[in-house]
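1. sequence and predicted structure, then a few things I'm wondering about:
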Amino acid sequence: MGKFGKWIAGGLGWAFFGPLGGILGFALGSLMENVDAQQRSGYSITTTGSFAASLLVLLAAVMKADGKVLKSELDYVKKYFVQSFGEDSAAEAIRMLRDILKQNIPVQSVCIQIKQNLDYSSRLELIHLMLGVAKADGQVDAGELNTIARIAKYLGVSSGDFDSIKSMFVEDVNAAYKILEIEPTASDEEVKKAYRKMAVKYHPDKVSHLGEDFQQKAKEKFQRVNEAYEKIKKERGMN
């Protein structure tokens, strides 16, 4: 069993209930029987399994946004998961994803459940991972971007934080400033202050409870903050 199977079998926590549970019950079949009953009883604990399950359901919603799911999209998602979690986990994730894609996904209801049970830093990481998958083919499709933006809104992610993460994948001339959530007219001191704030917000330790694999992916977001800051410093000749 790969990582995804172990995460799910290890406990879905709050994701076993509500609209997510209905979708996952169909998709995961026998794996659901292996979830410890104690893990099913409470909404308060966020496990790696509940985070992984949330990610798969939201990815399915993004892929279904244009009314069709292409083989190329599944291939891109598989490639992303192989790079992130290995061959076995990618194969498991794609099997689960195929079943989830067959269902109607009440996006707003699912997002409300996630918002009620997942801390803010973890919700930011969901947005980061979805945008990473969306760009697996080299660019973020406008339809996918609109769907992820809608999901971010339902998840309670601020527009500034969404634009910050989006700018890590959708480049423009002011991307570095958008990542730090400031305007190009900001003073040097404001740049430094913004960097310190974003470095704390996106620090990988914020999602340490999601496990080493997802924390490792969070380091990419943290690195982009550092890169944005260094770029601005170089352009301005800041010390």
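-> Sure, I can see it.
2. what comes up buried for the longest helix seen in the chain?
-> For the chain, the longest helix by residue count, based on DSSP state H, is helix 212-236. By 16 or more other CB atoms under 10 Å, the buried positions in helix 212-236 come out as 213-215, 217-218, 221-222, 224-225, 228-229, 232-233. C-beta here means a position set from N, CA and C on the backbone, and glycine is covered the same way.
3. list the contacts for the residue most central in space within the chain?
-> When the chain is reduced to its mean C-alpha position, the nearest residue by CA atoms, centre = their mean turns out to be residue 126, at 1.8 Å. By CB atoms under 8 Å, 6 or more residues apart in numbering, the contact set of residue 126 is 51, 54-55, 58, 114, 118, 155.
4. lowest-confidence one in the residues you listed?
-> For those, the weakest pLDDT value sits at residue 51, with 89.
5. any low-confidence regions in the protein?
-> Within the chain, the stretches with pLDDT under 70 are 1, 9-11, 26-45.
6. for residue 210, what are phi and psi?
-> phi -90, psi 0 (degrees, to the nearest 10).
7. follow-up on the earlier one: redo the buried residues of helix 212-236 as CSV? Include distance to residue 182.
-> Putting the buried residues of helix 212-236 into CSV (distance: CB to CB, whole Å) gives the following:
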residue, distance to residue 182
213, 32
214, 28
215, 27
217, 25
218, 22
221, 17
222, 18
224, 15
225, 12
228, 10
229, 11
232, 9
233, 13
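8. ok, the residues you listed vs residue 139, which is closest?
-> residue 224 (17.2 Å; CB to CB).
9. skip the chain neighbours and tell me the closest residue to that closest one.
-> Spatially, and ignoring its direct neighbours in sequence, residue 224 is nearest to residue 168 (4.5 Å; CB to CB, 6 or more residues apart in numbering).
10. find the helix or strand that the one you found is a member of.
-> Counting by DSSP states H and E, no helix or strand carries residue 168.
11. residue 57: which element?
-> Per DSSP H and E: helix 48-63 holds residue 57.
12. so which elements touch that helix?
-> Counting contacts by 3 or more CB pairs under 8 Å, 6 or more residues apart in numbering; DSSP states H and E, helix 48-63 is packed against helix 3-9, helix 18-28, helix 71-85, helix 87-101, helix 107-117, helix 120-134, helix 142-154, helix 212-236.
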